[in-house]
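A.B. asks: Prediction below, plus the sequence it came from.
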Amino acid sequence: MLKRLLPFSAAAILVILWHISVQWGGKSLIPTPWQVFKGIAELAQKGLLLKYVVASLFRVTWGYLLAVILAVPFGLVLGWFRRGEWTFNPLIQVLRPISPLAWIPISILWFGVGDVAAIFLIFLASFLPLTVSAMNAVRGIEAIHLNIGRNFGLSQRRLIREVIYPAVMPQLIVGLRITLGIAWLVVVAAEMIAVNSGLGFLIIDSRNAGNRYDLVIAGMVLIGVIGLLLDLVMRKLEKLKTLRWGYANV
Amino acid sequence: MNAQIAGETQDALLGLRMNAQIARARVTPAVKTKVQIRNLSMTFSSDGKNVEVLEDLNLDIHEGEFVCLLGPSGCGKSTLLNIVGGFIPPSRGEVDIDGEVVRGPDARRIFVFQERGVFPWLTVEGNIGFGLFNLSRQEKARRIAHYVKLVGLQGFEQAYPQELSGGMKQRVEVARALAVNPDVLYLDEPFGALDSITRLIMRGELLRIWEAEKKTILFVTHDIEESVQLADRVVVMSARPARIRRIVDIDIDHPRDISSRRYLELRDSIFSEIGLAHKV
Amino acid sequence: MGKSMTTSRKRWELILFPLGATLLLLFVWHYAVRVSHTTIFPSPLEVLRGMGELSSRGLLWSYMRDSLLRVAVGYAVAVCLGVPAGIALGWYPRLATAVNPVIQMLRPISPLAWMPLAVIWFGVSEVAPTFLILLAAFFPVVVSTMNGVRNLPLMYLNAGRNFGLSAAALFRRVIFPAVLPHILTGLRIALGIAWLVMVAAEMIAVDSGLGYLIIDARNAGKRYDLVVAGMVLIGVIGLCLDLLVRRTEKLKSVRWGFRAE
């Protein structure tokens, strides 16, 4: 019984400390946990809760999926042909440290202010991590397994379908999960700067339009919860029996 | 009299008999040559240096024979096996099988690795049926069932490799290799990762299967006992650059008594060939 | 992968191919700008000239210095707090179980989302962006260190105890060296993240640095040549930082932990 309560104990303690410190501290701007909760209810009532959550999810989904469709095959090919890897590696290494947000001026230039610009940023944020992930997944294929496939006379297509694809999937899915987390982080930041709806916008706007810090923190809580849910969903994929073999040692 | 009692006591004490069902007749020289290795040399270059791993090897292997390549680790015998299997092209010389030059891996000659060759994403059935994509579904199912039984894994058809022990995984690999009915089997220290008791059992199993299926087998090992227990001929190789030092004919019928005088003679001759002391 | 050892990778191929790809990209970029007759989007040459301009105005070095300093401070604090925290969490699994939900909840929240709170706590000053960087770098350091401690092979600890090491000596001579490779990995990842977040933080809250350069160059006059120049500098410096940390991974005392690379 105690064991199951344990994970929530730290969270509970923090929430209590939060409440107490606000009550006693002088800063009237920071809300108590209860006020944050009421803030969420208020958003739900105004219909904004759903609207903002959907807006953020919409942008993430489009940008992320676009990146998956382009980056995964690209990364797989790069990982397979060592030449491809050396060729593109310097470019990848230089582009990687550039925050997607640094692309904001350019994306606004190309796409104006709006959803497309935000989706472009998500795409950018997801593209390189997915490529690198796919590359590493291919490099992780045991040479022995490829040799066995060749030994049994498998055609190229069969080899891909029956050896390469299953061998690559577990690592690829981990990469997909991690990149989804990155995409979610970036969407919030992108919305703080470049668009007029969504959870990131909620945070900035609540502060600017009236110091509604209860809504600011409400936004943060929602971001955290949804991000966590997305991560859990992806982890479920890893549990599929056909893929579970790949995480045997993890 | 004393020698007899000693012999029987030794029998009882050591009590390990090689487990084969049929006493095998000796391979007569008139049998067809299956694999011919001609003037084979292999040089690897790394960091600008050339390392000669194999030097001018010549060897004939007859159909249905069980040949062991014996040598210390790193001497190049695995490289030799990989070349014969068609996975690496030789620097010089060639390998002929049934008169054709080997240019690449072929489904008629299957390589059995250690247990890690088993595909972790397929069940036992899936693994064994891996090479059978050209068969009808019934035929495929029949074959899989036959080989599951042959290697003694009934009941484990739906298990994944991570649920199996090392010895069981090795059996899956052997079954997978046999299922496509190859002419030749290459085994590269397949029992290396197993404990010694399992190893003894697996050797018996391998011989049983060999007798049943009558394949040509090329078996790489660094274990002298293993080679004398299994092979018709033991090819003793030197350290790098590898040359054939001697080919020892093991003229004992299966099941081989590993405490018999002939066995010990042959084993000791290989010991001295390699230059090892008899006392520890 | 799967290739025989006889395929020797020619040295010049390693240099030629990437060089070729990069040059090709630059050419395509250059001609795309020419062909589209755009007056706003810069060509590679204009970007270079922009960098020269920044340099002559003295801004290049002062912006770089400011960005690096911010990262340095936030990162250093994150490491000083994160490594001990990670060790503690790795050593006491119950503690980790208790704290884990909090970590999982906080992790998906972009550091930028903390900006309004940071401003309340620290005012509009240098501290707020530094706090963001601290937040961003903290988690990877903690998680990597924690994993390192968790994966410590029991036999190392047993060997240490067998030789009669005290708790302090055990930590100093067994635990810490064994965990060091993991810590370094966490440090490298955290540095990359810190650099990313720094840029974003500068876009919002301050008036110097490379992130600021990008936003300001656009707002104050649509100087996209300076925007792209800033991006290039960010990329190059970020890469250099990453390579620097990778160097430490080559030291003999930790190289054993990176065998697979």
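C.D. replies: Nice, I can see it. Numbering: from 1, shown residues only, chains lettered A, B, ... in the order given.
A.B. asks: Dead centre of the chain: give me the residue that sits there.
C.D. replies: Using chain A here. Computing the C-alpha centroid of chain A and ranking residues by C-alpha atoms, centre = their mean puts residue A:181 first, at 2.1 Å.
A.B. asks: actually chain C
C.D. replies: Within chain C, one residue has its C-alpha closest to the average C-alpha position: by C-alpha atoms, centre = their mean, that is residue C:192, at 1.2 Å.
A.B. asks: Test my guess that that one contacts residue C:242.
C.D. replies: Yes. Using C-beta atoms under 8 Å, residue C:192 is in contact with residue C:242, at 6.0 Å. C-beta coordinates here come from the backbone N, C-alpha and C atoms, glycine included.
A.B. asks: which residues are in contact with both of the two?
C.D. replies: With contacts taken as C-beta atoms under 8 Å, 6 or more residues apart in numbering or on different chains, the residues that reach both residue C:192 and residue C:242 are residue A:97.
A.B. asks: ok, the residue in the stretch 151-280 of chain B that chain A sits nearest to - how many residues close by?
C.D. replies: Residue nearest to chain A within the stretch 151-280 of chain B: residue B:162 (4.8 Å; C-beta to the nearest C-beta). Number of residues near residue B:162 (other C-beta atoms under 10 Å in any protein chain shown) recorded here: 12.
A.B. asks: Point out the residues in the stretch 1-150 of chain C that sit beside chain A.
C.D. replies: With the criterion set to C-beta under 8 Å from any C-beta of the partner chain, the stretch 1-150 of chain C comes near chain A through C:1-3, C:9, C:13-14, C:17-18, C:20-22, C:25, C:40-41, C:94, C:97-102, C:104-110, C:112-117, C:120.
A.B. asks: circling back: surely the residue nearest to the centre of chain A is in a strand?
C.D. replies: No. Counting by DSSP: H, G, I helix; E, B strand; the rest coil, one finds residue A:181 to be helix, located in no strand.
A.B. asks: what about it, distance to residue C:203?
C.D. replies: Using C-beta to C-beta, to the nearest Å, we find residue A:181 at a distance of 22 Å from residue C:203.
A.B. asks: What of residue B:55?
C.D. replies: In terms of C-beta to C-beta, residue B:55 sits 67 Å off from residue C:203.
A.B. asks: Of those two, which one has the most company?
C.D. replies: When residue B:55 and residue C:203 are compared on other C-beta under 10 Å, the one with more neighbours turns out to be residue C:203, at 26 against 18.
A.B. asks: circling back to that earlier point, I'd guessed the residue of the stretch 151-280 of chain B closest to chain A sits against residue B:120; true?
C.D. replies: Yes. The pair residue B:162 and residue B:120 qualifies as a contact (C-beta under 8 Å) at a distance of 6.4 Å.
A.B. asks: sec struct for whatever residue of the stretch 101-250 of chain C ends up closest to chain B, please.
C.D. replies: Taking C-beta to the nearest C-beta as the measure, the stretch 101-250 of chain C has residue C:250 as its residue closest to chain B, at 18.1 Å. Here residue C:250 is coil, with the state taken from three-state DSSP.
A.B. asks: give me phi/psi at it?
C.D. replies: Residue C:250 has phi and psi values of phi -90, psi -10 when expressed as degrees, to the nearest 10.
A.B. asks: and if you look at residue B:100?
C.D. replies: The phi/psi pair for residue B:100 (degrees, to the nearest 10) is phi -100, psi 140.
A.B. asks: With residue C:77 as the reference, measure out to the residue nearest the centre of chain B.
C.D. replies: The residue lying closest to the centre of chain B (C-alpha atoms, centre = their mean) is residue B:219, at 2.5 Å. Taking C-beta to C-beta as the measure, residue B:219 and residue C:77 are separated by 62 Å.
A.B. asks: cool, residue B:62 as well?
C.D. replies: Taking C-beta to C-beta as the criterion, residue B:62 is separated from residue C:77 by 75 Å.
A.B. asks: cool, and residue C:58?
C.D. replies: Residue C:58 sits 29 Å away from residue C:77, going by C-beta to C-beta.
A.B. asks: higher neighbour count, these two?
C.D. replies: Under the criterion of other C-beta under 10 Å, the comparison of residue C:58 against residue C:77 puts residue C:77 first, with 16 against 9.
A.B. asks: Can you pull out the low-pLDDT segments for the stretch 101-250 of chain B?
C.D. replies: Residues of the stretch 101-250 of chain B meeting the criterion pLDDT under 70: B:115.
A.B. asks: Just the helices from it, written as ranges.
C.D. replies: Along the stretch 101-250 of chain B, the stretches classed as helices by DSSP state H, counting those that start in this stretch are B:124-128, B:137-150, B:166-179, B:196-213, B:224-230.
A.B. asks: With mean neighbour count and distance to residue B:186 added, can I get the ones you listed in CSV?
C.D. replies: Putting these into CSV (neighbours: other C-beta atoms under 10 Å in any protein chain shown; distance: least, C-beta to C-beta, whole Å) gives the following:
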stretch, mean neighbour count, distance to residue B:186
helix B:124-128, 24, 18
helix B:137-150, 15, 18
helix B:166-179, 24, 9
helix B:196-213, 17, 13
helix B:224-230, 22, 14
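A.B. asks: now those in TSV, with distance to residue A:172?
C.D. replies: As requested, the helices of the stretch 101-250 of chain B are exported to TSV (distance: least, C-beta to C-beta, whole Å):
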stretch	distance to residue A:172
helix B:124-128	20
helix B:137-150	29
helix B:166-179	25
helix B:196-213	35
helix B:224-230	41
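A.B. asks: Can you lay out these as JSON lines showing distance to chain A?
C.D. replies: JSON lines is the format used below for the helices of the stretch 101-250 of chain B (distance: least, C-beta to the nearest C-beta, whole Å):
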{"stretch": "helix B:124-128", "distance to chain A": "10"}
{"stretch": "helix B:137-150", "distance to chain A": "14"}
{"stretch": "helix B:166-179", "distance to chain A": "8"}
{"stretch": "helix B:196-213", "distance to chain A": "17"}
{"stretch": "helix B:224-230", "distance to chain A": "22"}
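A.B. asks: Among those, which comes closest to residue C:54?
C.D. replies: Across these, residue C:54 has its closest neighbour in helix B:124-128 (61.4 Å, C-beta to C-beta).
A.B. asks: Which strands or helices does the closest one pack on?
C.D. replies: Identification of packing neighbours for helix B:124-128 by 3 or more C-beta pairs under 8 Å, 6 or more residues apart in numbering or on different chains; DSSP states H and E yields helix B:137-150, helix B:166-179.
A.B. asks: Okay, the nearest residue to residue A:122 once chain neighbours are set aside and residue A:187: tell me how far apart.
C.D. replies: The spatial neighbour of residue A:122 that comes closest, neighbours along the chain excluded (C-beta to C-beta, 6 or more residues apart in numbering or on different chains), is residue A:63 at 2.5 Å. Residue A:63 is 8 Å from residue A:187, where distance means C-beta to C-beta.
A.B. asks: Those two - which one has more neighbours?
C.D. replies: Looking at residue A:63 and residue A:187 with other C-beta under 10 Å, you find the greater number of neighbours at residue A:187, namely 32 against 27.
A.B. asks: Good, wrapping up.
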